[in-house]
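In: quick check, what structure comes out for this input:
(one chain, ligands or ions: 1)
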Amino acid sequence: MIVTKDLTHKWFTLFAEKVIQEKEQLSEYDRIIGDGDHGMNMARGAQQLITLWQAVPPVHLSDVFKQAAMKWISGVGGASGPLYGTAFLEMAKAVGAKEELSNDELVTAVKAGFEGIKKRGKSDIGQKTMLDLWAPAVQDLEKDELTMATLQTALTKTNELKATKGRASFLGDRSINEVDPGAASSKLFFEALIEAGEFGGN
Ligand SMILES: [Mg+2]
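Out: Predicted structure coming up:
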């Protein structure tokens, strides 16, 4: 898949819309294993990004990632603000001045986002976090595909994990079979890519 600025703009706009739509559900997940603010926090950044782009649409491909990073870092708060903000910023850096990405370059950018989350959160896969959605998505993208089935399977597997990172880890075994809110919002992020993109299998 070739990734243009327009496709990326559509990707992030769909993501922002989904976050706003799913705000209550995301906060409900967070109420069970966290502090209940994930949907509200994420929706604040999403709304700010939509408002910005209604006034001034992004010009360059890297603007999409950079502007999303700024809104998440300055507007979202909680743990998700810095984590998504870092991911988007690392993606912007990986994109640099390119105005179009090959599939390999998309993979490089998403991997850079994944590594950013890992570093910022001092976390790794298997801890019931966003990373457990991002890792299988990267594996799919490496094959130039991404399917809803992959995302659903990844979320189901993440639900079964015990949280060993973040606030949810305080619950220990009681976090098993609950949904990690960051994994749920990350599923929306990649669903938006599927909808914006043109993958063979979809
Ligand atoms: Mg929270």
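In: get me the contact residues on this protein for the ion.
Out: Counting by C-beta under 5 Å from the ion, the chain comes close to the ion at 30, 34-35, 37-38, 78. All C-beta spots, glycine's among them, are computed from the backbone N, C-alpha and C.
In: spatially nearest residue to M42, not counting backbone neighbours?
Out: V19 (4.7 Å; C-beta to C-beta, 6 or more residues apart in numbering).
In: what packs against the helix or strand hosting the one you found?
Out: Following DSSP states H and E, one finds V19 within helix 5-21. In terms of contacts (3 or more C-beta pairs under 8 Å, 6 or more residues apart in numbering; DSSP states H and E), helix 5-21 is packed against helix 38-55, helix 61-75, helix 181-196.
In: what is the distance between stretch 8-27 and the centre of its chain?
Out: Averaging C-alpha positions (C-alpha atoms, centre = their mean, to the nearest Å) puts stretch 8-27 10 Å from its chain's average.
In: got a list of contacts for it?
Out: Residues outside stretch 8-27 that contact it (C-beta atoms under 8 Å, 6 or more residues apart in numbering): 36-40, 42-43, 45-47, 49-50, 53, 57-58, 61, 64-65, 68, 181, 184-185, 188-189, 191-193, 195-197.
In: quick check: ChimeraX command selecting the buried ones in the residues you listed.
Out: Burial among the contacts of stretch 8-27 is assessed by 16 or more other C-beta atoms under 10 Å; the matching ChimeraX selection reads:
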select :37,38,39,40,42,43,45,46,47,49,50,53,58,61,64,65,68,181,184,185,188,189,191,192,193,196,197
